[in-house]
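Enquirer: Need a 3D model of the sequence below.
(chains A and B)
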Amino acid sequence: MVRCFLIHTVCPVSALSAGESRVLYSRSFGPDEAVLSDRYRDLRPEERRLLQKEKIAVVARQVRSAVSLFREASERPPVEMLPGDEALALQEADSGVERLRAGDPFSVETSALWLGVQSLAFTLVCEPHENLLLAEGTLRSLTRHCLDHLHMLGQGSEVLLRSNRIDALLSRLLPHGQLLFLNHRFAQSLEKDVAAYMAK
Amino acid sequence: MYSHGSESLIKQAREIQEPELQKFYSRLVKLLQTKDLSHEAVDSLQRLHVILFATKFTRRLTSELQRRLLSLLSAPTELIQVLCSAVLRETLPLSGQELSYNQENISQLNSHVAALLLSRAGSRTELSSFCAQLLRSLECRQSEGPSHMFMHILPVLNAILTQSPECLTEDHVTLLSKKLVDWLRYASITQGGGASVGGFFTGPRSRQPVPIAELDGTVSGDFFTVLCVGQGFTEDQWMNVYSFSMLRNWLLTYHFVSTGIATADTANRLQLSLSLSHSFSNDDRSEVDGSVVSMVSATSSSSRLLPPKERLREKAFQYCQRLIEQSDRKTHRRIDTELQKVCLVEAVCILDCVCVQDASLVYRTFPCIKALFGRLSSDLSFARVLLPIAQFYLNHGEMAAVDCESVWKLVFGRFPAELFNDPFLAHELLRFLRLNLESLQLRVPQFTRSFPNLLKFLAWNSPAVVSDFVDLLPSLVTAGTAVELLHTLLDLPCLSATLVLQHRSVCLPISDAGGRSLISLDAFRSPAFRGLFLFLLREESGSGDTIDRLSTLHERLAEAADWPRVVQCAKTVPVLLHIFFNTVVTVADQKLLAHLILVMLERSSLLLNVPTYVRDVHRVFSCHLLRLCKQQPSLVVDQSHELLEFAGATANVYSKEEMYTHVVWVLGEYLSVSCDSRCSVRLITSCFETLEAVLFEITSSTQPSGSLHPAPRVITTLMSALAKLASRSHDLIPRVSLFLSKLRSVTRNGPVAWCSDEDDLVAIVTRGEELWSLLKTPGVAQSVLSPSAHVNTPQWHRDANVSMPLQMRALTSLTQSQTA
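Expert: Sure thing, here's the model as predicted:
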């Protein structure tokens, strides 16, 4: 099962120190693990929320440095993409996976799959025994929809101001963090549903 | 993509003040009171979400707003449900406003509310009762209520089970297992969504339902799976997808939950194995031809006799077998081809899982897994599928007496050699190794031998896999591999450069060197250097520890020293070296440790010149040289010849300061009869003379000005070492004293060429004076400079007699400082 999905920056942000990442969207699935752990069970709800936010921030930072190092090593010059180039941007995206050790930040070991599109990364954190091939496909499909429906190659802030669209996407393509085995017919049927939502 | 607009929006959201926020809340409450929500209301809700999301600190809503949002959770438009759920997830429930769903209204629970309930669950008890409610609603789920409401129940259950399997009771396991069997094995085999055969003129009544199809378009002759297509899908076909998606986790979880009933399980297994042959021949498929039958549970197949858990295992087995068979079909779309691969991974994993739980299934499964391996093994694009197959062979190969050789040839041979640049394969393969370390060490001799190949993953993508190698490396260190492994680790940056070259030479045709000609690329293609590169790229260890012409190789690869990939790789080597040395002392005998010291001395000048790499490696060497010698002081006498050769080379003072200092210290400290009885006066004298010559040379004022200065630490270490040696062979004392007195007189005459910093010079002279004073009373010098072992043992303070030398030492230093 997928623990969380996030969209965050992998470029320098003036207000942040080097190596930091701005999280633009994040969604955790399932119950909060702090509730179930002996160590954190007594935290107050606002402390639990803070802890969860910090965990997401840790993932974002780790992925940010992974993406930077990956790009540095591959020595490929960055290509600027404009709205309309979504398909190409996805095709050219860098991708990889990071092992997040138990306790850093989640109580059990997890794998963070990432897709670096220009200055942003789309990241899925899943249980390591999860079908990563399926997770990769799901991440790609989520990213494609996000780029399309939130016009993310442009300069707007729809990722913040239309985050409900990402919620709606997730509720169909990754309901409660469940990776789904969808053949093209099932996918089409969900996409029709997504399109209907976006049209409203 | 990330604009200033977004950044300032976040900033605004964070800086918004409480009074302003309160006004915003009350405006929003008014907007939310109208029956049809305006655009403004939707927009404000979205902005409220940004305000709450943007800060990690919790902002509280007014109770009126919170109440309004809760009531809108079941609004008819999904947009409003989504927004309210998202907003409420970012804030905290107010007391008295907890969401509660009971058995009556749980059917109204939409997916977005369920998400909110899950995220707000504050204890395991709450989760358990939520879990129980959901399961009960599955049980009594009949025609009442819109069917799509139930789609999200399985994912919610799976989310709870993943993190808290304790929520399950034995009844739950039975119930859900039964349900999963129904959905997996008995989903409708006709297309949903109104698809039907019949012409334009045929009335709806006479239309026949269309059977589902396989991915290649042929009519499906078997039960429904996720690899079946149709114009539309029925609800139970959707449930089939959801069921299969959670099946593996469920099989893992319920097994975990029910380990408490191990005795009952044995009985069940007996029953299962009795009924196996029967159920195999008597396929229950024949009794099912549509959704109606599948939903009615009153069929009388043999597997019906099985207890629910075993029955689910049996159905999972059949489902996976069918998927494997379906994955061989030609598809017209890329997405389906990919899904076939994904399904193969899942199917093999599930088969492995059921075989682990019920060993009697191994014999039924192996033929199919073997055939699959035969079908895929030559095609590396199926590597990700072949890994779970390897896991299957590892888990069950021995039991089924199957030859696994060709599997290991792939996993330890071709995969690392040809797919080292696939980050996902690297991740999965290294995880496979980590999880199965014990079993691999026991059953697969290739594992340890293949380290030159496995390290290619690290050489190519160091930052992503270094964490895996931190865990794996200790198991690769054996007495047999240690020396070669050390060389291989030191050559890792060269391997990294070679892989880059290999990659480039494949990507770029020979005629086009990519604009600029690279010496290294030419060397890589030249037959003269082929042997060197082939050695680096070897797949197995055992063909020799290292090569003769390393320096030639380093020259050819000099330009690679600033390639980012090589630099990244070089940064990980010191970490791994530490792990290597920490492990090797647990497996090595004295002879091997002596050999390793030689390798360190030799390789300290044979490293690829990557910035900071050489310095970092020297630092690691120094640290472990010290530890090895401390642990086995007789190593110093064993290797005295090589250590002296190293210490006698003046150039090392400048190029390997760290190493040099430590070698000199080790010689001074451990070249002593008390450490090894073989240590003769001659040996001490010869060591003394070697060090004396170097110290004399580096502190002579005849050095050309502008040349490198020796580090002050090297000088003081040399002085101390000489004094220590002299304290053990008193004939040498006059020679040290002479040198030290000269040193003092030289420095009194003003600045010296070999030390430009005045403070450093003062420190050196002070040390010299201390040693000189000590050596004036040889007896004291010996007890201070070469204390016997028991003085340094931690019990001195407990024993009045033993602590005497320490007290003496303190007293001596006091008196000496007064006389000086």
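
Enquirer: When you work out contacts or count neighbours from here on, use the C-alpha atoms and nothing else.
Expert: OK.

Enquirer: what residue ranges in chain A score low on pLDDT?
Expert: For chain A, applying pLDDT under 70 flags no range at all.

Enquirer: now the strands for it?
Expert: A:2-9, A:23-28, A:94-100, A:110-117, A:120-126 (DSSP state E).

Enquirer: go on, the stretch 701-820 of chain B?
Expert: For the stretch 701-820 of chain B, applying DSSP state E, counting those that start in this stretch gives no strands.

Enquirer: Quick one: low-confidence residue ranges for it.
Expert: In the stretch 701-820 of chain B, residues with pLDDT under 70: B:701-707, B:789-807, B:817-820.

Enquirer: and if you look at chain B?
Expert: B:96-98, B:100-108, B:141-149, B:194-207, B:256-304, B:508-517, B:701-707, B:789-807, B:817-820.

Enquirer: Domains in it, by residue range?
Expert: B:1-94, B:447-508+B:519-631, B:680-805 (the TED database).

Enquirer: Which one, of the strands of chain A, ends up nearest to residue B:175?
Expert: Closest approach to residue B:175 among the strands of chain A (CA to CA): strand A:2-9, 24.8 Å.

Enquirer: got the CA positions of the host helix or strand of residue B:628 in PDB?
Expert: Assigned by DSSP states H and E, residue B:628 belongs to helix B:613-631. These are the backbone C-alpha positions of helix B:613-631, laid out as PDB (Å, rounded to 0.1, in the frame of the first residue of the first chain):
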ATOM      1  CA  TYR B 613      39.300  11.000  -2.400                       C
ATOM      2  CA  VAL B 614      43.000  10.300  -1.800                       C
ATOM      3  CA  ARG B 615      43.000  12.300   1.400                       C
ATOM      4  CA  ASP B 616      39.800  10.500   2.600                       C
ATOM      5  CA  VAL B 617      41.200   7.100   1.900                       C
ATOM      6  CA  HIS B 618      44.400   7.900   3.700                       C
ATOM      7  CA  ARG B 619      42.400   9.000   6.700                       C
ATOM      8  CA  VAL B 620      40.600   5.700   6.800                       C
ATOM      9  CA  PHE B 621      43.800   3.700   6.300                       C
ATOM     10  CA  SER B 622      45.400   5.600   9.100                       C
ATOM     11  CA  CYS B 623      42.500   5.000  11.400                       C
ATOM     12  CA  HIS B 624      42.500   1.200  10.800                       C
ATOM     13  CA  LEU B 625      46.200   0.800  10.600                       C
ATOM     14  CA  LEU B 626      46.200   2.100  14.200                       C
ATOM     15  CA  ARG B 627      43.400  -0.200  15.300                       C
ATOM     16  CA  LEU B 628      44.900  -3.300  13.700                       C
ATOM     17  CA  CYS B 629      48.200  -2.700  15.300                       C
ATOM     18  CA  LYS B 630      46.700  -1.900  18.600                       C
ATOM     19  CA  GLN B 631      44.800  -5.200  18.500                       C
END
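
Enquirer: contacting residues for the residue nearest to residue B:78 when sequence neighbours are not counted?
Expert: In this structure, residue B:78 finds its nearest non-sequential neighbour in residue A:197, 8.0 Å apart by CA to CA, 6 or more residues apart in numbering or on different chains. Shown in contact with residue A:197 (CA atoms under 8 Å, 6 or more residues apart in numbering or on different chains): A:168, B:78, B:79.

Enquirer: how many neighbours does the closest residue to chain A within the stretch 151-300 of chain B have?
Expert: The stretch 151-300 of chain B approaches chain A most closely through residue B:159 (4.9 Å), counting by CA to the nearest CA. Residues contacting residue B:159 under the criterion other CA atoms under 10 Å in any protein chain shown number 25.

Enquirer: my guess is it meets residue A:29, correct?
Expert: Yes. Counting by CA atoms under 8 Å, residue B:159 touches residue A:29, with 7.3 Å between them.

Enquirer: which residues do these two both contact?
Expert: Residues touching both residue B:159 and residue A:29 (CA under 8 Å, 6+ apart) are A:176, A:177.

Enquirer: before we move on, the earlier item: is it possible to get JSON lines of the domains of chain B that adds distance to residue B:165 and mean neighbour count?
Expert: Listed next are the domains of chain B as JSON lines, based on distance: least, CA to CA, whole Å; neighbours: other CA atoms under 10 Å in any protein chain shown:
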{"stretch": "domain B:1-94", "distance to residue B:165": "24", "mean neighbour count": "17"}
{"stretch": "domain B:447-508+B:519-631", "distance to residue B:165": "28", "mean neighbour count": "19"}
{"stretch": "domain B:680-805", "distance to residue B:165": "50", "mean neighbour count": "17"}
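
Enquirer: could I get the ones you listed as a markdown table with distance to residue A:115?
Expert: Output for the domains of chain B, formatted as a markdown table (distance: least, CA to CA, whole Å):
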| stretch | distance to residue A:115 |
| --- | --- |
| domain B:1-94 | 14 |
| domain B:447-508+B:519-631 | 14 |
| domain B:680-805 | 49 |
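
Enquirer: Quick check: the gap between residue B:54 and residue A:7.
Expert: 13 Å (CA to CA, to the nearest Å).

Enquirer: Equivalent analysis for residue B:777, please.
Expert: Taken as CA to CA, the span from residue B:777 to residue A:7 is 74 Å.

Enquirer: Phi, psi for residue 151 please.
Expert: With no chain named, the answer covers chain A. Main-chain dihedrals, residue A:151, degrees, to the nearest 10: phi 50, psi 50.

Enquirer: try chain B instead
Expert: Torsion angles, degrees, to the nearest 10, at residue B:151: phi -60, psi -40.

Enquirer: Return the residues in contact with it.
Expert: Residue B:151 neighbours (CA under 8 Å, 6+ apart): B:238, B:239, B:242.
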